[in-house]
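Student: Kindly return the folded structure for what I paste below:
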Amino acid sequence: MTDIFISYARATESEARKIAEALRTLGYGVWRDDELPPHRAYAEVIEERLKAAKAVVVIWSADAVKSQWVQSEADRGRDDNKLVQLSFDATRPPMPFDRTQCADLSGWTGDPDAPGWRKVVASIAELVGRVGVAAAPASPSVAQTPLPLPSKPSIVVMPFANLSGDAEQDYFADGMMVEITNALSRIKSIFVIASGSALTFKGRAADPQSVSRQLGVRFLLEGSVRKAGGRVRIAVQLIDAIDAVQVWASRFEDSLDDVFDLQDRVALEVAGKIEPTVRQAEIRRASKGPTENIGCYDLYLRALPALSSAARAELLQARDLLDRAIALDPDYGVALSSAALCRFLIVNFGWSGDEPGDRRRSVELAHAAIRAAGDDGEVLTQVIGIVAFLEGDFDAALRLADKALELNPGSPEAWAASGVLRLDPEIALQHLERSMRLDPIGPSRIAQLLGMARAHFLAERFSEAVPYLRELTRQAESNPGAFFMLAAACGQLREMDAAREALDRFKSLTPLTPAEFTQLWTLGIPPKFVKLYLDGIALAESGRPVDGPSEA
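Tutor: Below you'll find the predicted structure:
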């Protein structure tokens, strides 16, 4: 529900964002024009939001004084007795608004005790009909004794606001909140508060920091549901309650043909997007902390950026961090699987000083991870490639992939890993496209590009593989596998200059010969597919035609 409408000129957008975030921290629903939907007339939406808001906050500036839109919105707020005025640069409001006090926030950096900000909060509290935490702290009680945060990322899905104007639709908003909670609960790496506890906050004014203290969680997912004209629009935002910032927001819209199917789809998409977002927020937190005397979880978090970079120095650093993490907790499943994956990449790229030892250790760690956390979809996702390509057991790897998807069907990483594994190009593409739908520009991108290129390559659609490979080489400049496959694809297309250039880049990144790399890269793949690589690389090296498929 929109408690507060913020009016401002574009020159003060950063100040408007700061005000909105501060008010959301106090538990208010805030709207400003960056949330205008692309399919509706903006005047219609603004009028609707102005009418619904209980307070209209106008940020006066030199540009706002000249803006007919800001003056019109301020006029509406004044007529409805819900106008709150402030300025960051001591601009005097134009007539007739200069008759009402304007709070001076010059130099305000977010201090909740700043005199000007306290005036704003007090006015809003009076208009909205409830008090924010900064205006009147609640009396301490047993229920408000802060609970300690779990050792892993923690989240609560708050009751969704029903914006449909029909109280009977509360069931749909509650159902969406419960479904998203259930979807998140499948992710073993996240601690999720049960929906029953979250529903106790329904209809109550509670700021994120207060909820965080009462439930012992770091992240809150807030949302709203609007049903109209046979369609439903769902808006969600993820709040880091400890740092009092919004870390992610998104919207979903669809028809109401099948309500339950819609709830499932939105729940899975939200879950798939939240996991990497929460993970990145946790990595940033860990990176700011001390480097000595840190625990297993922080060591694991510090290793993740290095692991995802797939660069030689970073991978070796990640291996050391993960070894330290495992030494502290030998049964920490995701650290075991990450350590196994790290060694797998080091072996595959030819960067190991002890190839047999790292290969053996990777397999050992993979099976230790399965024993420790075989019900964790993330763990299974990380060891799929090891079982397939180091052990050569594709059947076992496929079973792990299917189980990972069953455990966490909203995981883009699981869909990408499954797609890379499939030898049927069409099934591979289906799984990879699902991954890209769940995570279009996030951490899964490297695996998605590799999988899409590989599927087209195995289907002998070399020209369709090349665009994915070129993007992959831009995003993973130190990955020899990307340049190896690009050389093979360009060789098959008889694009000799491009093939030779890619092959030279490959040779600069790994001490392995193309023949040795082919053996690693194609382990477990039927001979007819191996020949596609061999022929493409042969052409890249010599430029001489060979018998075999070509799109030239």
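
Student: For L398, list the residues it contacts.
Tutor: Residues near L398 by CB atoms under 8 Å, 6 or more residues apart in numbering: L421. Bear in mind the C-beta positions are built from the backbone N, C-alpha and C, glycine included.

Student: mind redoing it with 6 Å?
Tutor: Under the criterion of CB atoms under 6 Å, 6 or more residues apart in numbering, L398 has no neighbours.

Student: cool, and the one 3 residues further on?
Tutor: Taking CB under 6 Å, 6+ apart, we find A401 in contact with I384, S418, L421.

Student: part of a strand, is the second one?
Tutor: No. Secondary structure of S418, determined by DSSP: H, G, I helix; E, B strand; the rest coil: helix, with no strand assignment.

Student: if I look at it, how far off is Q448?
Tutor: Relative to Q448, S418 is positioned 12 Å away (criterion: CB to CB, to the nearest Å).

Student: With adjacent residues omitted, what lies nearest to the spatially most central residue of the chain?
Tutor: The chain has T277 as the residue nearest its centroid, 3.3 Å off, counting by CA atoms, centre = their mean. Spatial nearest neighbour of T277, excluding adjacent residues (CB to CB, 6 or more residues apart in numbering): W248 at 4.4 Å.

Student: Including neighbour count, could the contacts of A401 go into JSON lines?
Tutor: Formatted as JSON lines, the contacts of A401 follow (neighbours: other CB atoms under 10 Å):
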{"residue": "I384", "neighbour count": "26"}
{"residue": "S418", "neighbour count": "27"}
{"residue": "L421", "neighbour count": "23"}
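
Student: Mind telling me what element the residue nearest to T277 is part of?
Tutor: When elements are assigned from DSSP states H and E, W248 belongs to strand 245-255.

Student: partners of that strand, with directions?
Tutor: With DSSP bridges as the test, strand 245-255 is paired with strand 231-240 (antiparallel).

Student: ok, how many other residues are close to A447?
Tutor: Look at A447: counted by other CB atoms under 10 Å, it has 23 neighbours.

Student: Could you find the closest non-adjacent residue to it?
Tutor: What sits nearest to A447 in space, not counting adjacent residues and going by CB to CB, 6+ apart, is A416, at 4.0 Å.

Student: F219 now?
Tutor: In space, F219 is closest to I155, 4.2 Å off (CB to CB, 6+ apart).

Student: any idea which helix or strand comes after the helix or strand hosting the one you found?
Tutor: Secondary structure from DSSP H and E places I155 in strand 154-157. Elements were assigned by DSSP H and E; along the chain past strand 154-157, the next helix or strand is strand 161-162.

Student: In the stretch 51-200 of the chain, where is pLDDT below threshold?
Tutor: Along the stretch 51-200 of the chain, the parts satisfying pLDDT under 70 run over 129-146, 151, 168.

Student: how about the strands in it?
Tutor: Secondary structure of the stretch 51-200 of the chain (DSSP state E, counting those that start in this stretch): strands located at 55-60, 83-87, 102-104, 154-157, 161-162, 191-192.

Student: hmm, who's touching the helix or strand harbouring A318?
Tutor: Assessed by DSSP H and E, A318 sits inside helix 312-328. For helix 312-328, contacts defined as CB under 6 Å, 6+ apart pick out 296, 299-300, 302-303, 306-307, 335, 338-339, 342, 345-346, 351.

Student: same deal with stretch 249-257?
Tutor: By CB under 6 Å, 6+ apart, stretch 249-257 touches G230, R231, V232, R233, I234, A235, V236, Q237, L262, V266.

Student: same check, this time on stretch 379-395
Tutor: 333-334, 337, 340-341, 344, 359, 362-363, 366, 369, 373, 396-397, 400-401, 403-404, 413-414, 417, 421, 523-524.

Student: And for stretch 464-483?
Tutor: Residues outside stretch 464-483 that contact it (CB under 6 Å, 6+ apart): 310-311, 349, 446, 449, 452-453, 456-457, 485-486, 489, 502, 505-506, 509-510.

Student: Point out the ones among those that are inside helices.
Tutor: Using DSSP state H, the subset of those located in helices is 446, 449, 452-453, 456-457, 485-486, 489, 502, 505-506, 509.

Student: Next, the buried residues of stretch 90-109.
Tutor: Buried residues in stretch 90-109, counting neighbours by 16 or more other CB atoms under 10 Å, are found at T91, P93, F97, C102, A103, D104, L105, W108.

Student: What's the ChimeraX syntax to select whichever of the contacts of stretch 379-395 are buried?
Tutor: Buried subset of those, written as a ChimeraX selection, criterion 16+ other CB under 10 Å:
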select :333,334,337,340,341,344,359,362,363,366,369,373,397,400,401,403,404,413,414,417,421,524
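
Student: For the longest helix along the chain, which helices and strands make contact with it?
Tutor: Taking DSSP H as the criterion, the chain has its longest helix at helix 259-287. With contacts defined as 3 or more CB pairs under 6 Å, 6 or more residues apart in numbering; DSSP states H and E, helix 259-287 has these neighbours: helix 170-185, strand 231-240, strand 245-255, helix 296-309.

Student: now the angle from the longest one to helix 259-287?
Tutor: Think helix 170-185. 50 degrees (axes from the mean of the first three to the mean of the last three CA atoms, to 10 degrees).

Student: burial count for A538?
Tutor: 17.

Student: Before we go further, it is sitting in a helix, right?
Tutor: Yes. Remark: A538 belongs to a helix, assigned using three-state DSSP.

Student: how far away is it from A515?
Tutor: A538 is 10 Å from A515, where distance means CB to CB.

Student: what's the answer for G77, then?
Tutor: Taking CB to CB, one finds G77 at 74 Å from A515.

Student: Mean neighbour count added to the helices and strands packed on helix 259-287, as CSV?
Tutor: Below are the helices and strands packed on helix 259-287 laid out as CSV (neighbours: other CB under 10 Å):
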stretch, mean neighbour count
helix 170-185, 21
strand 231-240, 21
strand 245-255, 15
helix 296-309, 21
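
Student: Out of these, which is closest to T12?
Tutor: strand 245-255 (18.7 Å; CB to CB).

Student: Three-state assignment for A206, please.
Tutor: coil.

Student: Leaving aside the residues adjacent along the chain, what's closest to it?
Tutor: G27 (5.7 Å).

Student: So that neighbour is in contact with D207, correct?
Tutor: Yes. Shown here, G27 and D207 form a contact pair, counting by CB atoms under 6 Å, at 3.7 Å.

Student: quick one, domains of the protein?
Tutor: Per automatic domain parsing, the domain ranges recorded for the chain read 4-128, 142-272, 289-409, 460-552.

Student: and S14, how many residues sit next to it?
Tutor: A count of nearby residues for S14, using other CB under 10 Å, gives 10.

Student: Can you tell me how far it is from R32?
Tutor: Note on S14: its distance to R32, by CB to CB, is 12 Å.

Student: next one: S185
Tutor: 33 Å.

Student: same deal with I427?
Tutor: Per CB to CB, I427 is found 45 Å from R32.

Student: Looking at the two, which one has more neighbours?
Tutor: Per other CB under 10 Å, whichever of I427 and R32 has more neighbours is R32, with 19 against 14.

Student: tell me the SS of the nearest residue to that one once chain neighbours are set aside?
Tutor: In this structure, R32 finds its nearest non-sequential neighbour in I6, 4.2 Å apart by CB to CB, 6+ apart. Following three-state DSSP, the label given to I6 is strand.

Student: gap between I6 and V58?
Tutor: For I6, the distance to V58 - CB to CB - is 8 Å.
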